[in-house]
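Enquirer: structure of the sequence below:
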Amino acid sequence: MSVHLTTLPVASGNNTSMTYEMCIHSDDPFKFNAYIITYLLVFPFAFLCNTGALLIFIVQGPRRGSSACVVMMNLALSDASFSLTLPVRAFYYLTDGVWKFPDWLCQLCGYSFYVNIYSSIFFLTLLSLLRWLAVTQPLQHSSQVTPTRTMLVCVGIWVFVGAAVSPLLLKGTTERSGSPRCFEPNDDSSRKVLRILNYVSLAVGFLLPLLTIILCYSSLIRHLMAGSSLSSNQSGNSHHHTRKRSVHLVSMVIVTFLFCFLPYHVMRSVHLHADWKKWPCKVTVALRRAVVVTLCLAALSSVFNPLLYYYSAKKFREDIRDVLRSSRSDRPPTGSYRGVTEQLAAGPAVIHSPPLRPPGPNFRYYPRAVTSAPGKKFGAGSPEETRTDRNHGRSTRVPAAARRSVVSPRARADGDDVNGTARCLHETHADLR
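Expert: Below you'll find the model as predicted:
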């Protein structure tokens, strides 16, 4: 597998094309080792993380229905399906670049890689647009953005990307050195198709989404910075969490674009241009190795995206806790605090306070009527008011805070603390005892 093609001179006449073909199609050990290590390391993490995220989105989706979850579910589906082709790619390079599978599987592996790259880019762009709209235009986001409409947009992305990359399905295995090869253009016409697809995908599939993300996040950051001082005194905690989630999303998307997608698109375009202009072999080999490194970075995006789900989506973290909690018990997940809120909003809650004293053998229940003490009116504004127990003839001083602990229907719908309300009611009964 040793290669010395970097020192081959570029001949003239008929030998020029032969020498250059040997230059661009060399079995470089650097390429083989880089792909084998990357694919074997990425596969378990990408498959397990994205499959687990996909299952969580599917199981909790009906209860957590939101547009962001719909986009993340499609992104997880794209990464999980791409990870299934990584063992096949690793086996191909482990066998010294000899394809031992059917021709259609070679086409599918090449096709799935580019579908994953550009569907991920468009899904990240759509997620950025939704975040920008939710922060800067909350009324329009709540009225116009629905999970159903978002799913239709995601289906449109799948159809567009699948149709745009479909010419790659026409290219399968090729014969070189008496062995079937995959992921290699076989003639000048195939290289011409690749150059055209590269320029179209560079403009529409990378530069346009990158420009959209930059504009969205520039506007989003300006909006957050301008609103931070206005909301510091009112609902500061909620605003802080919103800003924190937005910053996490901005950071993860920008890192994914700059670290995974930008180097690959730049080096691929330069390499294809060098191939077209037939640059010196030494330069071509160096560019090919740079493309190998950047392609490995692009494959790492399927590992970075699950981090995006976890650190930018609060609901996703709650869903993970619900699934883990339900796996330890037989009862279905309740959604922690959110589940309590939904149960209270569904109907009136009945709060049962514990018994005030254990019943004895001579225990009889006397209904207690509470009246105001002589010469004292309720609601006079004093912190404490005196009440008289008719049955026992003693007066009790009831704190005003305990008398006001009444749960209104609106408070129940807003998800007030049920345990705190029950505790206040219990203290009120204890004072009246």
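
Enquirer: just say helix, strand or coil for P180.
Expert: strand (DSSP: H, G, I helix; E, B strand; the rest coil).

Enquirer: run a quick neighbour tally on it.
Expert: By other CB atoms under 10 Å, 16 other residues sit near P180. Glycine gets a C-beta too; all of them are placed from N, C-alpha and C.

Enquirer: surely it meets W99?
Expert: Yes. Using CB atoms under 8 Å, P180 is in contact with W99, at 4.4 Å.

Enquirer: quickly list what's touching both of these two.
Expert: T173 (CB atoms under 8 Å, 6 or more residues apart in numbering).

Enquirer: quick one: residues contacting C106.
Expert: Going by CB under 8 Å, 6+ apart, C106 touches W99, G172, T173, C182, F183.

Enquirer: buried set for the helix ranked longest in the chain?
Expert: Of all segments of type helix in the chain, defined using DSSP state H, the longest is helix 103-136. Buried residues in helix 103-136, counted by 16 or more other CB atoms under 10 Å: 105-136.

Enquirer: which element is the closest residue in space to L133 that isn't next to it in sequence on?
Expert: Among residues not flanking L133 along the chain, H141 sits closest, at 4.6 Å (CB to CB, 6 or more residues apart in numbering). Using DSSP states H and E, the element containing H141 is helix 138-144.

Enquirer: so which residues make contact with the one helix or strand F160 maps to?
Expert: According to DSSP H and E, F160 maps onto helix 147-164. If you take CB under 8 Å, 6+ apart as the criterion, helix 147-164 is touched by 65-67, 69-71, 74, 115, 118-119, 122-123, 126, 130, 200-201, 204-205.

Enquirer: which stretches in the stretch 201-350 of the chain count as helices?
Expert: For the stretch 201-350 of the chain, the helices defined by DSSP state H, counting those that start in this stretch cover 208-230, 236-256, 262-277, 281-299, 301-312, 314-328, 336-346.

Enquirer: give the rounded mean pLDDT of the longest helix of the chain.
Expert: Helix 103-136 shows a mean pLDDT of 92.

Enquirer: rank the helices of the stretch 201-350 of the chain by pLDDT, which is bottom?
Expert: It's helix 336-346: among the helices of the stretch 201-350 of the chain, that one has the lowest mean pLDDT, namely a mean of 44.

Enquirer: follow-up on the earlier one: quick one: list the elements packing against the helix holding H141.
Expert: With contacts taken as 3 or more CB pairs under 8 Å, 6 or more residues apart in numbering; DSSP states H and E, helix 138-144 sits against helix 103-136.

Enquirer: what's the angle from the helix it packs on to helix 281-299?
Expert: For helix 103-136 against helix 281-299, the angle by axes from the mean of the first three to the mean of the last three CA atoms, to 10 degrees is 60 degrees.

Enquirer: what is the orientation angle of helix 103-136 with helix 147-164?
Expert: Angle, helix 103-136 to helix 147-164, by the same axes, to 10 degrees: 140 degrees.

Enquirer: shift numbering so it begins at 449
Expert: I'll keep to 449 as the first residue from here, and by that count the last item is helix 551-584.

Enquirer: what is the orientation angle of helix 551-584 with helix 749-760?
Expert: Interaxial angle, helix 551-584 versus helix 749-760 (the same axes, to 10 degrees): 20 degrees.

Enquirer: what angle separates helix 551-584 from helix 656-678?
Expert: Using the same axes, to 10 degrees: helix 551-584 against helix 656-678 is 30 degrees.

Enquirer: can you count the residues close to W727?
Expert: Burial of W727 is recorded as 18 neighbouring residues (other CB under 10 Å).

Enquirer: same question but for L706, I mixed them up
Expert: L706, neighbours per other CB under 10 Å, totals 11.

Enquirer: can you check K725 too?
Expert: Using other CB under 10 Å, K725 has 8 neighbouring residues.

Enquirer: how's the protein carved up into domains?
Expert: Domain ranges of the chain: 459-776, 799-880, per automatic domain parsing.

Enquirer: what's the local residue count around the residue nearest to L581?
Expert: H589: 16 neighbours (other CB under 10 Å).

Enquirer: repeat for S717
Expert: Other residues close to S717 by other CB under 10 Å number 17.

Enquirer: that one and F705, how far apart?
Expert: For S717, the distance to F705 equals 16 Å [CB to CB, to the nearest Å].

Enquirer: same question, L523
Expert: 14 Å.

Enquirer: please enumerate the shared neighbours of those two.
Expert: Shared contacts of L523 and F705 (CB under 8 Å, 6+ apart): L572.

Enquirer: so the residue nearest to L581 sits against R579, correct?
Expert: No. Using CB under 8 Å, H589 is not in contact with R579, being 9.5 Å away.

Enquirer: and N634, helix, strand or coil?
Expert: Applying three-state DSSP: N634 is coil.

Enquirer: list the residues that contact it.
Expert: Taking CB under 8 Å, 6+ apart, one finds K619, T622 in contact with N634.

Enquirer: so R716 touches V739, yeah?
Expert: Yes. At 5.7 Å, R716 counts as touching V739 under the criterion of CB under 8 Å.

Enquirer: what about the nearest residue to A538 once chain neighbours are set aside, how many residues nearby?
Expert: In space, and not counting its chain neighbours, A538 is closest to Y487: 4.0 Å by CB to CB, 6+ apart. Look at Y487: counted by other CB under 10 Å, it has 23 neighbours.

Enquirer: so whichever helix or strand Y487 is part of versus helix 729-747, what angle?
Expert: Taking DSSP H and E as the definition, one finds Y487 inside helix 477-508. If you take the same axes, to 10 degrees, helix 477-508 sits at 20 degrees to helix 729-747.
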